[in-house]
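Trainee: curious how this folds, go ahead:
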Amino acid sequence: MTQDPLLAGLAALAAEPPEGLLDRIAARWVRVPGPIGELAVAFTDQGVAYVHAGEGFAETFRKRFGRPLLPAARPPAGLLPALRTGRTSGLRLDLRGMSDFQRDVLEAARTIPRGEVRPYSWIAARVGRPKAVRAVGTALGRNPVPLLIPCHRVTRSDGVAGDYVFGSAAKERLLLAEGVDLDRVRALAGERVFYLASDTTGVVCFPTCHNARRITPAHRHGFRSIAQARAAGYRPCRTCRPDQIGLTG
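Mentor: Take a look at the predicted model:
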């Protein structure tokens, strides 16, 4: 990577810059292994700001964020475990520059557990914009830190993975590695079943919810909508919250 002109200018200063100045105007970057291959990751003093796979990392970062890049000696604390396990509770993220709506969408996606998926309409309802499904898709497509904020866990209600910043094939590969049975979700959707209920617990869930996966066939009932499930006497799961949306999803 060629030297950034701004960094070259700073290096030419006669006096040392004030402590912390460089971290306020530049980002550090490292290459690390990830679940879909090698990743380039940029981070600032506020946290991880950008995750990129493939070519063109530096150019794309500068165009999007307008910051120069400096190589880092080591990745930020918590990055490698987060990429390995999908758990990011101890990892700081730098989401500056995003709108409130975009941040709300990403924070909603961040709540989806490993091995589960939610439809785009669930995200829209959760952020208080139930009709903004297309805008949700756009916000997820602008996710600067995919894998760390798991936008790959947001799919179409028909079981099709949908678009993804690293490509739909990578999205399916990630979901399969996390234990999501996409073929089953698609088969259920083909039968117009978007929710599964247990007659032993009286609870209705999204099909990939860990509670739904424990329902035995003899006690499993499928529904097209939460309204149908409620009419049959089932209450929405308090874990996966399918009542966030009132349609088929």
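Trainee: touching, P150 and A109? I think so.
Mentor: Yes - if you go by Cβ atoms under 8 Å, P150 and A109 touch, sitting 6.2 Å apart. Placement of C-beta: from N, CA and C, glycine included.
Trainee: run through the helices of the protein in chain order.
Mentor: 5-11, 21-25, 57-65, 79-85, 100-110, 120-126, 133-141, 168-177, 182-190, 226-231 (DSSP state H).
Trainee: now the fourth one: mean pLDDT?
Mentor: The one in question is helix 79-85. The average pLDDT within helix 79-85 is 94.
Trainee: pull out the buried positions in it.
Mentor: Buried positions in helix 79-85, judged by neighbour count with 16 or more other Cβ atoms under 10 Å: L79, L80, A82, L83.
Trainee: isn't the second one up against V32?
Mentor: Yes - the pair L80 and V32 passes the contact test of Cβ under 8 Å, sitting 6.2 Å apart.
Trainee: next one: G78 from P35, what distance?
Mentor: 16 Å (Cβ to Cβ, to the nearest Å).
Trainee: then R114?
Mentor: From R114 to P35 the distance is 11 Å (Cβ to Cβ).
Trainee: go on, Q102?
Mentor: Using Cβ to Cβ, we find Q102 at a distance of 24 Å from P35.
Trainee: neighbour count winner among these two?
Mentor: Q102 (20 against 15; other Cβ atoms under 10 Å).
Trainee: residues touching the closest residue to R126 other than its chain neighbours, list them.
Mentor: Take R126 and drop its neighbours on the chain: the residue closest to it by Cβ to Cβ, 6 or more residues apart in numbering is A108, 4.5 Å away. For A108, the contact set (Cβ atoms under 8 Å, 6 or more residues apart in numbering) comprises I123, R126, V127.
Trainee: what about 10 Å?
Mentor: Counting by Cβ atoms under 10 Å, 6 or more residues apart in numbering, A108 touches 118, 122-127, 136, 139-140, 149, 154, 244.
Trainee: same check, this time on G179
Mentor: R114, G115, E116, T208, H210, R213.
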